[in-house]
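> Give me a model of this one.
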Amino acid sequence: MSYQKQPELNGAYYGPSIPPPPRSYNRPGKRGGRSCGGCCCLFDCLCGCVMSCIWSILCTILVVVGILILLFWLIVRPHEVKFHASDAKLTAFNFTNNDNNLNYNLDVNFSVRNPNRRIGVYYDTIEANAIYAGQRFSTVNGPVFYQGHKNTTDFGPLNFKGQHIVVLGSGDKSDYDKQSNEGVYEIQLKMHLRVRFKLGLFKTGTWKPKIKCDLKVPIEGKSGQFERTKCSYDL
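Presented below is the predicted three-dimensional model:
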């Protein structure tokens, strides 16, 4: 069978037309090849505006509060109230080993100084606890009173009298014997207060500070006198 040579092509193409490639439309808000609808863009814009407004409001509130606190401090200049155990008298402090019984009679006077020029103090409750070797052996209540500006108020004596079971360990018993020989006992007083403050016509709510007084009280009849003792806030 004879082979017939095909005619050479001249580069022209006479078939059906080739369709053009699909066009891509870039919409506003398109990122990374993903399109964003108009609602999404509007939502993002609103979220950004809201967060910006909230942040501005918070910053304004913080600045205003800071200015008010600074003005209050400059005008009022608050100072802490100072407590002292001004005097103490101990006529009995006897411990018996067989029944762990402590027999005591202690009187304590207090002095309270309010150094503030514009703040008064209402003392609604004063609960005083007498403690020895970490154990409470008596509780009494102090007076209720109002203390004015730049005022020193003395109250007492608070009388702790009676008997109470106190279990002393070997170390505490040794300390008690040593203090008995010296005639000076280390007694701690803790006061739980309920107070309110008055600034002009404004009165605050109730505050509950705690006061701690570490006393060294000489027994009556032995040498030595009680030394005025500054109390501290028990945090």
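
> Only C-alpha atoms from now on, for both contacts and neighbour counts.
OK.

> Please name the residues that touch residue 119.
Counting by CA atoms under 8 Å, 6 or more residues apart in numbering, residue 119 touches 76, 78, 148, 149, 197, 198, 199, 200.

> neighbours around residue 107, how many?
15 (other CA atoms under 10 Å).

> Tell me the confidence at it?
Here, the pLDDT recorded for residue 107 equals 98.

> Could you do residue 12 as well?
On pLDDT, residue 12 comes in at 54.

> Same question for the one 5 residues further on.
At residue 17, the predicted lDDT confidence score is 62.

> cool, and residue 201?
88.

> now it: how far from residue 150?
18 Å (CA to CA, to the nearest Å).

> give me the low-pLDDT residue ranges for this structure?
Where the chain drops to pLDDT under 70, the residues are 1-44, 46, 69-77, 235.

> before we move on, back to that, show me the contacts of residue 119 that map onto strands.
197, 198, 199 (DSSP state E).

> okay if I get those as CSV plus distance to residue 180 and neighbour count?
CSV is the format used below for the ones in strands among the contacts of residue 119 (distance: CA to CA, whole Å; neighbours: other CA atoms under 10 Å):
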residue, distance to residue 180, neighbour count
197, 43, 18
198, 46, 18
199, 48, 14
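
> Please produce CSV containing those residues, extended by distance to residue 48.
Shown next, in CSV, are these (distance: CA to CA, whole Å):
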residue, distance to residue 48
197, 45
198, 46
199, 44
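
> nearest to residue 125, of those?
residue 197 (13.4 Å; CA to CA).

> Please say which of residue 201 and residue 150 ends up with more neighbours.
More crowded of residue 201 and residue 150, by other CA under 10 Å: residue 150, with 14 against 5.

> Contact partners for that one?
113, 114, 115, 116, 117.

> Can you classify the fourth one as helix, strand or coil?
Right, the one you point to is residue 116. coil (DSSP: H, G, I helix; E, B strand; the rest coil).

> what ranges do the helices span in the protein?
Using DSSP state H, the helices found in the chain span residues 38-76, 170-182.

> Show me what counts as buried in the shortest one.
Along helix 170-182, the positions that meet the burial threshold by neighbour count (16 or more other CA atoms under 10 Å) are 175, 176, 179, 180.

> chain center to that helix, what's the gap?
Relative to its chain's centre, helix 170-182 lies at 37 Å (CA atoms, centre = their mean, to the nearest Å).

> What are the contacting residues of it?
Contacts of helix 170-182 (CA under 8 Å, 6+ apart): 133, 185, 186.

> and the last one, how many neighbours does it have?
What that stands for is residue 186. 15.

> now residue 97
So residue 97, with other CA under 10 Å, has 12 neighbours.

> Likewise for residue 95?
22.

> Could you pull up the contacting residues of it?
101, 102, 103.

> ok, what's across the strand from it?
residue 102 (DSSP bridges).

> measure it to residue 164 for me?
10 Å.

> got any residues that touch both of the two?
In contact with both residue 95 and residue 164: 101, 102, 103, using CA under 8 Å, 6+ apart.

> mind giving me the domain ranges of this structure?
Domain assignment of the chain by automatic domain parsing yields the ranges 38-76, 82-233.

> Good, wrapping up.
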